[in-house]
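S.K.: based on what follows, work out the 3D shape:
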Amino acid sequence: MLRSAVRSVARASAGPLSGIATPEKWVVDWFTGDMANSAGVRVDYDTAMMYAPFFAGVRVIAEDLGALPLFLYERMARGKKRATGHPLYPLLHDAPNDMMGAMSFKEALQGHAITWGGGAAYVVTHERTGVIEELWPLRPDRARVKVRQMGKGRVERWLQYRDDVNGIYANLAPGEFLYVNGLGFDGVRGYSVVELAANSIGLGLATEHYGAKTFSNGAAPAGALSHPENLSPEARKRMADDWENIHRGIDRAHRVAILEEGVTWQAVGLPNDANQFLETRKLQVTDMARWLRLPPHKIGDLDRATFSNIEEQQLDYVSSALNAWLIRWEQAVLTQLMLPEERARYFPEHLVDALLRGNTAARYQAYAIGRQWGWLSANDVRDRENMNPVDGGDAYLVPLNMIPAGGGAPPAEEDDARAAARRYARLLRGRGIAARENIAEAWAPKIEEADREIADLEREKVGALVDKHLDTGGRGGRSTSAFLAALSALYDTDGPIAEAMTALWLPIMTSFAGDVAEDAAKQVGHDEDVDLSVWARAYTLSHVGYQLSSSFGGLRKRTEDADTQEDAAEAVVDLLIKWQEERPAQTARWEATQLPNAAAREAWKEAGVQKLQWVARGSKSCPYCTKLDGRTIAIEEPFIAKGDEVEGEDGEALKAKRNTFHPPVHAGCDCEVIPVVTD
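M.R.: Presented below is the predicted three-dimensional model:
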């Protein structure tokens with residue numbers, strides 16, 4: 001009942017008119033006074049927005065922030081990716097509710113945050129799962145932030161929403177509202193710029209009022225008519241009325257005055273230039289820019305603007321004033337809309353690249369430097385320019401004369417012993433594939449056994465969470481959302497599943513890689529030891545991270561797709577049993593192909609091999625692998641770049657999801673790579 005009532009109020013673009021029994025805030029202000037200022041002009045939240053420089057400043061920040069896309073990202077082992085599957089993603093990026101887009105929502109809250117000190121939104125969650133479904137902005141004049149003592153020294157921020165007209169009184173707890181505040185005395189509630197700048201805004205309004213009155217009364221300042229004789233009251237009134245009728249008003253300004261009977265005109269007020277009227281108005285524009293931390297040109301003050309300094313001021317505005325608000329938004333979303341266990345995996349971030357672009361020539365020069373020295377590819381540049389990628393555009397280039405630090409160029413000619421060793425290596429290459437197969441067959445049972453232990457552990461740990469939270473046996477479970485939260489903690493990179501995986505996988509992968517490296521070095525005539533222990537640890541952690549993400553994702557999908565808690569419990573248990581029965585053998589088959597190729601490639605790199613060749617394996621080779629058979633590339637380059645397509649015999653293409661430096665290229669692929677050795 002409370003949720004629907006608050007949401008209905010939030011949907012209303014404007015509340016109903018106030019009555020005498022329940023007056024709105026503006027009615028109270030009208031009778032009891034307004035924000036104190038020395039200019040003698042009424043200043044409140046409505047009149048402040050009628051002052052052009054202040055309104056322009058609020059609009060600039062609110063519109064700029066609202067227009068920037070807000071993405072939810074998932075942290076990867078290296079880098080990040082957009083978390084389009086998270087429930088918050090469409091709310092933050094597209095539309096927070098069915099009546100407004102993301103820009104309108106953010107723009108409204110940002111305007112409230114500047115003028116009122118904070119912008120609040122009501123969070124609508126699913127009654128059963130607790131997943132956030134909608135966000136609705138709340139009227140700032142009816143929302144008050146309160147700090148409550150919760151015991152044991154803990155405090156929480158609550159939102160008191162009071163709507164006297166509709167009879168709604170709600171105390172929203174953390175998790176039921178989103179609150180974005182600016183600078184404040186306690187870090188919880190922000191200062192209202194309207195209240196702090198009441199004098200400045202009042203002076204600006206007073207200046208505007210003075211100018212309007214001047215033009216409405218006449219183009220000349222006030223003055224006095226002087227008569228040499230004493231006039232009766234009736235004569236004085238008649239003379240004043242005649243003068244007003246002829247000269248008052250902007251349409252009658254500068255008419256010729258004919259004075260009779262010795263009457264003279266004496267100016268009493270100061271002219272506008274003596275009052276520094278225009279200077280005052282200009283100063284107030286600068287003053288508003290100062291209050292809002294804006295470059296003056298953003299609100300129309302171009303007196304000291306040039307083409308060059310406007311660009312620099314724009315960059316400074318984005319990196320300082322606007323960036324401060326962007327961080328406040330991102331931290332508010334992170335801390336108020338996401339569970340603690342989600343924060344280690346997901347984070348919100350605005351995309352500000354478009355606002356930080358320099359002029360075309362400078363931008364292209366920066367791209368050229370990045371392309372030349374190898375940290376940008378052609379498709380990286382095209383992506384920053386909002387252009388589609390091109391085939392082969394993912395390659396990274398470096399100058400030919402670049403060598404590793406501390407190293408030197410290889411000798412121009414090899415000595416006889418080295419040449420003989422390389423010739424012998426070519427003889428060994430023929431048996432290299434068979435040798436790696438034997439090594440893989442020896443380690444595959446150990447891999448399968450390790451993954452079976454992991455599957456059994458997952459059945460035990462996840463099964464306990466099912467019993468506790470999904471109430472499968474009628475023992476008083478809690479909720480699906482509680483199960484998912486506990487599941488996320490279980491599959492965290494520092495959780496018990498990750499710890500068990502690392503403990504089981506690391507010794508196996510290290511020894512497996514060591515055997516492969518020893519054979520690969522012999523294959524190319526490299527007689528020095530190749531230590532792949534550091535590489536094997538990185539490979540293991542990458543494998544652990546992938547399996548954690550895959551397992552958690554599969555369990556989460558089964559849970560969220562179920563109609564009831566009982567259905568979710570059954571689906572989760574079925575998946576755990578399937579893992580126990582099928583996954584260990586699948587993992588062993590995959591690693592028996594991937595690790596030997598990956599470890600051999602690392603060993604060959606250390607041995608100085610420059611090129612690799614793809615070898616498809618007999619009748620088991622699929623059409624895609626057949627297309628790759630015989631392809632030769634530099635050892636540092638991928639056989640297939642991310643996004644490239646390999647066509648099969650029936651014309652259906654296989655699109656690569658990652659850079660492929662070695663087999664397998666798909667499930668069931670049993671191809672190999674071999675070194676290309678020349679004299």
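
S.K.: following element in sequence after the lowest-mean-pLDDT helix or strand in the chain, please.
M.R.: The weakest-scoring helix or strand in the chain, judged by mean pLDDT, DSSP states H and E, is helix 25-32 (a mean of 40). Moving toward the C-terminus from helix 25-32, the next helix or strand (DSSP states H and E) is helix 45-48.

S.K.: can you tell me what sits against the helix or strand that that following helix is followed by?
M.R.: Sequence order places helix 52-67 as the next helix or strand after helix 45-48, per DSSP H and E. Contact with helix 52-67 is made by 48-49, 102-108, 110-111, 114-115, 194, 197, 201, 204, 284-285, 287-289, 291-292, 294, 298-300, 321-322, 325-326, 329, 350, 355, as judged by C-beta atoms under 8 Å, 6 or more residues apart in numbering. Just so you know, the C-beta spots here come from the backbone N, C-alpha and C atoms, and that holds for glycine as well.

S.K.: now a PyMOL select for only the buried ones of the residues you listed.
M.R.: Buried residues among those (16 or more other C-beta atoms under 10 Å), as a PyMOL selection:
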select buried, resi 48+49+102+103+105+106+107+108+110+111+114+115+194+197+201+204+284+285+287+288+289+291+292+294+298+299+321+322+325+326+329+350+355
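
S.K.: mind listing which of the contacts of helix 52-67 are in helices?
M.R.: Mapping those onto helices (DSSP state H) picks out 48, 102-108, 110-111, 114-115, 194, 201, 204, 284-285, 287-289, 291-292, 325-326, 329.

S.K.: please enumerate the strands of the stretch 51-200 of the chain.
M.R.: 70-75, 80-82, 118-125, 132-137, 143-151, 154-163, 168-172, 177-181 (DSSP state E, counting those that start in this stretch).

S.K.: tell me the helices and strands packed up against the fourth one.
M.R.: Contact here means 3 or more C-beta pairs under 8 Å, 6 or more residues apart in numbering; DSSP states H and E; on that basis strand 132-137 packs against helix 2-11, helix 88-93, helix 102-115, strand 118-125.

S.K.: and it, which strands flank it?
M.R.: According to DSSP bridges, strand 132-137 has the following sheet partners: strand 118-125 (antiparallel).

S.K.: hang on, residue 171 packs against residue 159?
M.R.: Yes - here residue 171 reaches residue 159: they are 7.4 Å apart, a contact under C-beta atoms under 8 Å.

S.K.: out of these two, which sits in the busier spot?
M.R.: residue 159 (22 against 13; other C-beta atoms under 10 Å).

S.K.: now residue 551: which helix or strand?
M.R.: helix 533-561.

S.K.: which strands and helices sit next to that helix?
M.R.: With 3+ C-beta pairs under 8 Å, 6+ apart as the test, helix 533-561 has helix 416-469, helix 480-490, helix 496-523, helix 565-607 packed against it.

S.K.: any chance of those helices in CSV, with mean pLDDT, mean neighbour count and distance to residue 368 too?
M.R.: Converted to CSV, the helices and strands packed on helix 533-561 look like this (pLDDT from 0 to 100; neighbours: other C-beta atoms under 10 Å; distance: least, C-beta to C-beta, whole Å):
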stretch, mean pLDDT, mean neighbour count, distance to residue 368
helix 416-469, 73, 16, 39
helix 480-490, 86, 20, 44
helix 496-523, 86, 20, 39
helix 565-607, 87, 20, 29
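
S.K.: tell me which of those helices sits nearest to residue 399.
M.R.: With respect to residue 399, and counting by C-beta to C-beta, the nearest of the helices and strands packed on helix 533-561 is helix 565-607 at 19.7 Å.

S.K.: skip ahead from the closest one and say which helix or strand is next.
M.R.: strand 611-615.

S.K.: give the pairing partners of that next one; include direction for each.
M.R.: When DSSP bridges is applied, strand 611-615 pairs with strand 632-634 (antiparallel), strand 672-676 (antiparallel).

S.K.: just the CA coordinates for that strand, please, in PDB.
M.R.: Included here for strand 611-615 are C-alpha records, laid out as PDB according to Å, rounded to 0.1, in the frame of the first residue of the first chain:
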ATOM      1  CA  LYS A 611      56.400 -17.900 -36.300                       C
ATOM      2  CA  LEU A 612      53.800 -20.600 -35.600                       C
ATOM      3  CA  GLN A 613      51.700 -22.800 -37.900                       C
ATOM      4  CA  TRP A 614      48.200 -24.200 -37.400                       C
ATOM      5  CA  VAL A 615      47.800 -27.900 -38.000                       C
END
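
S.K.: restricting to C-alpha, output the next helix or strand after that strand in CSV.
M.R.: In the C-terminal direction, the helix or strand that comes right after strand 611-615 (DSSP H and E) is helix 623-628. Taking Å, rounded to 0.1, in the frame of the first residue of the first chain, the C-alpha atoms of helix 623-628 are listed here in CSV:
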residue,chain,number,x,y,z
PRO,A,623,35.3,-27.3,-41.6
TYR,A,624,36.4,-24.3,-39.5
CYS,A,625,39.7,-26.0,-38.5
THR,A,626,40.3,-27.1,-42.0
LYS,A,627,40.1,-23.5,-43.1
LEU,A,628,42.9,-22.7,-40.6
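
S.K.: other SSEs contacting helix 623-628?
M.R.: strand 645-647.

S.K.: make it 10 Å
M.R.: strand 611-615, strand 645-647, strand 653-655 (3 or more C-beta pairs under 10 Å, 6 or more residues apart in numbering; DSSP states H and E).

S.K.: next one: it to chain centre, how far?
M.R.: Distance of helix 623-628 from the chain centroid (C-alpha atoms, centre = their mean, to the nearest Å) equals 40 Å.

S.K.: and it, average pLDDT?
M.R.: If you average the pLDDT over helix 623-628, you get 74.

S.K.: for the nearest residue to residue 628 once chain neighbours are set aside, what are its contacts?
M.R.: Leaving aside its sequence neighbours, residue 628 sits nearest to residue 614 (C-beta to C-beta, 6 or more residues apart in numbering; 4.6 Å). Residue 614 makes contact with 597, 625, 627-633, 639-640, 660, 662-663, 665, 671-674, according to C-beta atoms under 10 Å, 6 or more residues apart in numbering.

S.K.: in PyMOL, how would I select the buried members of those residues?
M.R.: Selection command for PyMOL covering only the buried members of the contacts of residue 614, criterion 16+ other C-beta under 10 Å:
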select buried, resi 597+625+627+628+633+639+640+660+662+663+665+671+672+673+674
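
S.K.: the helix holding residue 551: which residues count as buried?
M.R.: For helix 533-561, a neighbour-count test (16+ other C-beta under 10 Å) marks 535-537, 539-541, 543-544, 547-549, 551-552, 555-556, 558-559 as buried.

S.K.: and that helix with strand 70-75, angle?
M.R.: Helix 533-561 runs at 130 degrees relative to strand 70-75, counting by axes from the mean of the first three to the mean of the last three C-alpha atoms, to 10 degrees.

S.K.: who's residue 348 bridged to?
M.R.: residue 72.

S.K.: if I look at it, how far off is residue 194?
M.R.: 28 Å (C-beta to C-beta, to the nearest Å).

S.K.: now render the helices and strands packed on helix 533-561 as JSON lines, adding distance to residue 314.
M.R.: Output for these, formatted as JSON lines (distance: least, C-beta to C-beta, whole Å):
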{"stretch": "helix 416-469", "distance to residue 314": "51"}
{"stretch": "helix 480-490", "distance to residue 314": "41"}
{"stretch": "helix 496-523", "distance to residue 314": "45"}
{"stretch": "helix 565-607", "distance to residue 314": "46"}
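
S.K.: go through those helices and name the closest to residue 338.
M.R.: Proximity to residue 338 (C-beta to C-beta) singles out helix 480-490 among the helices and strands packed on helix 533-561, at 11.0 Å.

S.K.: and the closest one, what does it pack onto?
M.R.: Packed on helix 480-490, when contacts are counted by 3+ C-beta pairs under 10 Å, 6+ apart, are helix 340-343, helix 416-469, helix 496-523, helix 533-561, helix 565-607.
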